[in-house]
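Colleague: Okay, here's the prediction I keep looking at, along with the sequence it came from:
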Amino acid sequence: MLCLRKGGNMLEISFLATELAFSAIWLFARLSKWKRQQRIDWKQEAVLLLMYVNLAVIIRFVFFPRDLVDGHVQPLVFEATAIFPLRINLVPLVHLFDYDSFRDVIWNVVGNTVMFIPSGILLPIVYRQLSSFWKVVAAGALISLCTEILQLPFPSRASDIDDLILNMLGVVAGYGIYAAFKNLSDNSRFAGIKTNKNLMRDTTLKKYTAPIIMLAVFETIAVTLWVTKDNIFYFFNFSYIGCSIALGILLFIRKHKYARRIVQLLVGLYMLIYLGLICGENMQIEGFWYYLFTGVFEAATIHYAVAKIFGPLIFGRGWCGYACWTAMVLDFLPYKVPVQPRKKLGWIRYVTFVVSLIFVASLFLAHVGNLERIMFWAFIVGNVVYYAVGIILACVYKDNRAFCKYICPVTVFLKPMSYYALVRVTCDKEKCVSCGKCKSICPMNVDVTDNSRKRENGTECILCMECVRNCPKSAL
Ligand code: SF4
Ligand code: SF4
Ligand code: SF4
């Protein structure tokens with residue numbers, strides 16, 4: 001481990017060095033396993049990635065000071081002469097409120113609990129031997145106990161039975177979530193053979209891989225941003241969005257008619273009302289330009305990076321199908337399937353894109369004051385205009401998604417990135433009977449029977465799955 005030696009008996013262990021060492025050990029363990037097995041189980045690796053992130057977070061917050069200094073995590077100090085007397089509290093709950101402020105008490109209680117919730121969920125998934133509540137609790141207690149014991153030699157840390165209790169509460173809550181999902185899947189009408197328990201377990205696990213992977217991706221983003229930016233908001237924000245999307249996929253698998261609409265409302269309303277109107281974050285494209293010009297990697301820039309620029313490389317235009325608050329309203333209109341041929345109006349999106357850029361750039365060039373306030377009002381006015389134009393276009397062209405096809409400036413990012421999307425609908429040519437139903441029902445006029453990336457309107461697919469749902473031959 002890289003350490004900076006200061007004096008004869010003192011060591012400063014940096015956070016970066018610790019995480020690098022942990023990552024190296026983890027990678028070595030995974031590589032050894034892959035070599036032994038001669039294959040990689042990507043689904044298992046996705047769950048293990050979450051476990052890795054969870055342990056990395058536990059290391060970060062258990063061993064290193066929470067507050068950053070000059071944007072850096074402060075090192076862990078080891079001093080041989082200061083090991084004794086050991087700083088240890090074995091009396092439960094008496095020191096729970098011994099903190100400088102109420103905020104610190106909350107941080108301690110919530111942090112110690114929340115940090116271990118993923119362990120309660122992941123342990124029974126990763127290790128099938130941990131099949132009962134008590135085994136998971138015992139495994140969680142062991143992890144917590146190890147972290148408390150490992151803190152003993154460090155004078156800046158203290159081992160506390162309260163931490164152990166709070167950690168266990170987190171594990172129990174996590175196991176509760178796991179058990180609820182498992183119960184849901186075991187009771188599924190579509191779970192297949194019910195008499196063979198092992199087969200049913202394999203079938204249901206396979207069926208629920210997609211929501212688990214989606215949750216894993218969002219939790220990885222949530223935790224990475226929380227740790228790197230030392231702001232727990234990111235954890236709650238991306239966890240909420242990840243859970244909403246995973247729930248939507250789960251409902252879709254269970255053939256719930258309104259699965260996509262439920263996710264749209266959960267995410268769209270949260271972003272529009274909570275983030276936009278209550279928190280005052282402009283998540284429109286103007287907000288993206290604004291944060292970009294100020295050089296701050298916050299709110300809209302993070303949102304664009306995840307949902308609209310790099311995210312589409314994985315989930316294409318999933319944003320447009322499941323999260324956009326503009327489409328959330330437009331999808332309530334009656335013109336779900338376009339009846340007229342597509343118009344050649346796509347060039348308008350480049351105009352709106354440039355106009356939004358010029359608008360924000362001119363505010364900066366003119367040194368206009370109180371930009372945050374202007375951005376807040378730009379968000380409100382912008383949304384009103386989007387809704388008005390979207391509804392008018394939908395009625396004129398008898399097409400709910402006309403705004404998305406011709407006007408939306410965000411598609412300038414979305415279209416090229418989603419060309420390379422990992423997640424896309426493909427057609428099994430052997431099953432397809434060329435009935436044309438999929439194309440006729442597609443709200444975005446995608447020729448989904450063509451598997452090439454250059455298929456007609458291929459970068460417009462919003463993954464709504466209407467084609468999959470309606471294909472008479474289950475070819476999609
Ligand atoms: S194209 Fe634009 S308006 Fe339409 S769903 Fe996507 S981001 Fe929303
Ligand atoms: S609906 Fe199914 S069978 Fe019909 S053209 Fe599309 S993929 Fe082929
Ligand atoms: S109907 Fe199919 S091809 Fe069309 S947008 Fe929805 S998922 Fe994509």
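Modeller: Now that the structure is in, tell me what you want to look at. Since the model is a prediction, treat every value here as computed from it, not as a measurement. Residues are numbered from 1 along each chain as shown. Ligands and ions are numbered 1, 2, ... in the order given.

Colleague: Any idea how many residues pack against Ile161?
Modeller: Ile161 sits with 16 neighbouring residues when counted by other C-beta atoms under 10 Å. To be clear about C-beta, it is placed using only N, CA and C from the backbone, and glycine gets the same treatment.

Colleague: dump the residue contacts of it.
Modeller: 89-92 (C-beta atoms under 8 Å, 6 or more residues apart in numbering).

Colleague: could I get the residues you listed as a markdown table with distance to ligand 2, neighbour count and secondary structure?
Modeller: Formatted as a markdown table, those follow (distance: C-beta to the nearest ligand atom, whole Å; neighbours: other C-beta atoms under 10 Å; DSSP: H, G, I helix; E, B strand; the rest coil):
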| residue | distance to ligand 2 | neighbour count | secondary structure |
| --- | --- | --- | --- |
| Asn89 | 65 | 16 | strand |
| Leu90 | 66 | 8 | coil |
| Val91 | 67 | 9 | coil |
| Pro92 | 62 | 12 | coil |
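
Colleague: Closest one to Pro75 out of those residues, please.
Modeller: Asn89 (24.0 Å; C-beta to C-beta).

Colleague: The closest one bridge partners, please.
Modeller: Asp160 (DSSP bridges).

Colleague: Model confidence for it, exactly?
Modeller: Note on Asn89: pLDDT of 85.

Colleague: Assess the claim that it and Ile165 are in contact.
Modeller: No: applying C-beta atoms under 8 Å, one finds Asn89 not in contact with Ile165, separated by 11.2 Å.

Colleague: Point to the helix or strand of this structure where mean pLDDT is at its lowest.
Modeller: strand 3-5 (a mean of 47; mean pLDDT, DSSP states H and E).

Colleague: Next secondary structure after that strand?
Modeller: strand 10-13 (DSSP states H and E).

Colleague: Pairing partners for that following strand, with directions?
Modeller: Strand 10-13 has the following strand partners under DSSP bridges: strand 3-5 (antiparallel), strand 76-79 (antiparallel).

Colleague: roughly how far out does the longest one sit from the chain middle?
Modeller: The gap between the average C-alpha position of strand 76-79 and the chain average comes to 35 Å, counting by C-alpha atoms, centre = their mean, to the nearest Å.

Colleague: Just the residues contacting that strand, thanks.
Modeller: Contacts of strand 76-79 (C-beta under 8 Å, 6+ apart): 9-13, 15, 18, 63-64, 153-157.

Colleague: Spell out for me the ChimeraX command that would select the buried members of those residues.
Modeller: Here is the ChimeraX command that selects the buried residues among these (16 or more other C-beta atoms under 10 Å):
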select :11,13,15,18,63,64,154,156,157
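
Colleague: Of the contacts of strand 76-79, which is the nearest to Ile302?
Modeller: Among the contacts of strand 76-79, and counting by C-beta to C-beta, the member closest to Ile302 is Phe15, at 21.7 Å.

Colleague: pLDDT score assigned to that closest one?
Modeller: In this prediction, Phe15 carries a pLDDT score of 83.

Colleague: Surely it is in contact with Pro75?
Modeller: Yes: using C-beta under 8 Å, Phe15 is in contact with Pro75, at 6.9 Å.

Colleague: which neighbours do these two share?
Modeller: Going by C-beta under 8 Å, 6+ apart, residues that sit against Phe15 and also against Pro75 are Phe64.

Colleague: any idea of the mean pLDDT in stretch 371-383?
Modeller: 90.

Colleague: Kindly report the same for stretch 166-175.
Modeller: For stretch 166-175, the per-residue pLDDT averages 88.

Colleague: Name the helix or strand for Pro338, please.
Modeller: Going by DSSP H and E, Pro338 is not part of any helix or strand.

Colleague: sorry, back to before: could you export the contacts of Ile161 to CSV, including columns for distance to Thr147?
Modeller: As requested, these are arranged in CSV below (distance: C-beta to C-beta, whole Å):
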residue, distance to Thr147
Asn89, 15
Leu90, 16
Val91, 19
Pro92, 17
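
Colleague: Contacting ligand 3 as well, which ones from these?
Modeller: Taking C-beta under 6 Å from any ligand atom as the test, ligand 3 is in contact with none of these.

Colleague: number of nearby residues for Met417?
Modeller: 18.

Colleague: thought it was touching Val306?
Modeller: No: applying C-beta under 8 Å as the test, Met417 and Val306 come out as separate, 11.8 Å apart.

Colleague: what touches both of the two?
Modeller: Joint contacts of Met417 and Val306 (C-beta under 8 Å, 6+ apart) do not exist.

Colleague: Tell me which residues are up against stretch 322-332.
Modeller: Contacts for stretch 322-332 (C-beta under 8 Å, 6+ apart): 241, 245, 248, 260-261, 263-265, 267-269, 271-272, 276, 307, 320-321, 383, 386-387, 390-391, 394, 400-401, 403-404, 408, 462-463.

Colleague: which ones among the residues you listed come in contact with ligand 1?
Modeller: Near ligand 1, by the rule C-beta under 6 Å from any ligand atom, you find 320, 403-404, 408 out of these.

Colleague: with the residues you listed in mind, which one is nearest to Pro124?
Modeller: Cys320 (35.3 Å).

Colleague: ok, the residue nearest to Val396 when sequence neighbours are not counted to ligand 1 distance?
Modeller: Once flanking residues are discounted, Val396 sits nearest to Ala402: 7.5 Å by C-beta to C-beta, 6 or more residues apart in numbering. Using C-beta to the nearest ligand atom, to the nearest Å, Ala402 is found at 10 Å from ligand 1.

Colleague: With Pro341 instead?
Modeller: Counting by C-beta to the nearest ligand atom, the gap from Pro341 to ligand 1 is 19 Å.

Colleague: Count the neighbours of that residue for me.
Modeller: By other C-beta under 10 Å, neighbour count at Pro341 equals 7.

Colleague: Ile358 too?
Modeller: By other C-beta under 10 Å, the burial measure for Ile358, its neighbour count, is 12.

Colleague: about what we covered before: show me how to select, in PyMOL, the buried members of the contacts of stretch 322-332.
Modeller: Selecting the buried subset of the contacts of stretch 322-332 in PyMOL, with 16+ other C-beta under 10 Å as the burial test, is done by:
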select buried, resi 241+245+248+260+261+263+264+267+268+271+272+276+307+320+321+383+386+390+391+394+400+401+403+404+408+462+463
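
Colleague: Among the contacts of stretch 322-332, which ones are in strands?
Modeller: Per DSSP state E, strands hold no members of the contacts of stretch 322-332.

Colleague: Just the ones in helices from the contacts of stretch 322-332, please.
Modeller: Of the contacts of stretch 322-332, the ones assigned to helices by DSSP state H are 241, 245, 248, 260-261, 263-265, 267-269, 320-321, 383, 386-387, 390-391, 394, 403-404.

Colleague: Do a quick rundown of the helices in the stretch 301-450 of the chain.
Modeller: 312-315, 318-322, 325-330, 348-365, 371-397, 402-406, 411-418, 437-441 (DSSP state H, counting those that start in this stretch).
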